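Participant: Structure, please.
(one chain, ligands or ions: 1)
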Amino acid sequence: MKVISFEGFEYSGKSTQIKLLKKYFIKNKIKSTFTREPGGNKDLEKIRNIIIKSNFDNLSLIMFFFASRFSLLSSLKNNDLIVFDRFFDSTYAYQKYNLKEKKLIISLINLIDQKFIPNITFYLKLDKKNLMERKNKRVYSNKFDKKYFGQFSRIQRNYNEISKMKIGKRKFVTIDASLSANEIHEKIIVHLKKCKLIR
Ligand code: TMP
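Facilitator: Numbers count the residues shown, from 1 in each chain. From the prediction side, this is the model:
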């Protein structure tokens, strides 16, 4: 099984890239399953709505995200190729404040079955200037994003931290999110070919 994950802050263009990749896979007849977190299946989408509309405390959120994650993983069949729209890096990026959360999140990541550890993670990194420009053109997509918007620097630092951790054999690729959608897409395809995840 091959696993790809996408990460990024709101407005990073993550959804656009996932759509472009889906199109590419269809065009090239590459069998794949796309899923997202939180959510990913019928029951867990209901839980997604509860989580992102809630005011749960941070430790509860970590547990909810991981409970939903383990449930999603156990519902995934032995697929050839799975593409995750957010995965465990998001919990580290968004819910890690101090050492307490760091230890908890890392120990939960260690419980994930190795076969689900991504071969490659694409992190679309946006700088503050670009983020503000994009934000002015759009409204918040949900209350949760609004809550975390002011925490951009902390979340970006956390992504940077987890990018340097050794998690299985996964490769963490940071891509400048200010590039055009097509440029980013092309970079992603080059990486996937280089890692032999596609031909
Ligand atoms: P999305 O809009 O990219 O689907 O993400 C939904 C929100 O959930 C987004 O604000 C990031 C947040 N999130 C976390 O805070 N922790 C997590 O573990 C995951 C998967 C998402």
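
Participant: helices and strands of the protein: which one bottoms out on pLDDT?
Facilitator: helix 143-149 (a mean of 82; mean pLDDT, DSSP states H and E).

Participant: which parts of that one are buried?
Facilitator: For helix 143-149, burial by neighbour count (16 or more other CB atoms under 10 Å) applies to 144, 148. All C-beta spots, glycine's among them, are computed from the backbone N, C-alpha and C.

Participant: From the chain's centroid, how far away is it?
Facilitator: Centroid displacement of helix 143-149 relative to its chain, using CA atoms, centre = their mean, to the nearest Å, is 16 Å.

Participant: Give me the contact status of that helix with the ligand.
Facilitator: Yes. Contact of helix 143-149 with the ligand (CB under 6 Å from any ligand atom) involves 144-145, 148.

Participant: Next: stretch 157-166.
Facilitator: No. Interface with the ligand: stretch 157-166 contributes nothing (CB under 6 Å from any ligand atom), its closest point being 10.7 Å away.

Participant: Check what pLDDT Ser141 gets.
Facilitator: Ser141 is assigned 63 on the pLDDT scale.

Participant: which residues touch Glu37?
Facilitator: By CB atoms under 8 Å, 6 or more residues apart in numbering, the residues touching Glu37 are 65, 68-69, 72, 84-87, 90.

Participant: Quick check: residues of this structure near the ligand?
Facilitator: Residues of the chain lying close to the ligand by CB under 6 Å from any ligand atom are 36-38, 52, 65, 86, 90-91, 94-95, 141, 144-145, 148.

Participant: With distance to Gly8 and secondary structure as extra columns, can I get those in CSV?
Facilitator: As requested, these are arranged in CSV below (distance: CB to CB, whole Å; DSSP: H, G, I helix; E, B strand; the rest coil):
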residue, distance to Gly8, secondary structure
Arg36, 13, strand
Glu37, 13, coil
Pro38, 16, coil
Ile52, 16, helix
Phe65, 17, helix
Arg86, 9, coil
Ser90, 9, helix
Thr91, 14, helix
Tyr94, 12, helix
Gln95, 16, helix
Ser141, 13, coil
Phe144, 15, helix
Asp145, 12, helix
Tyr148, 12, helix
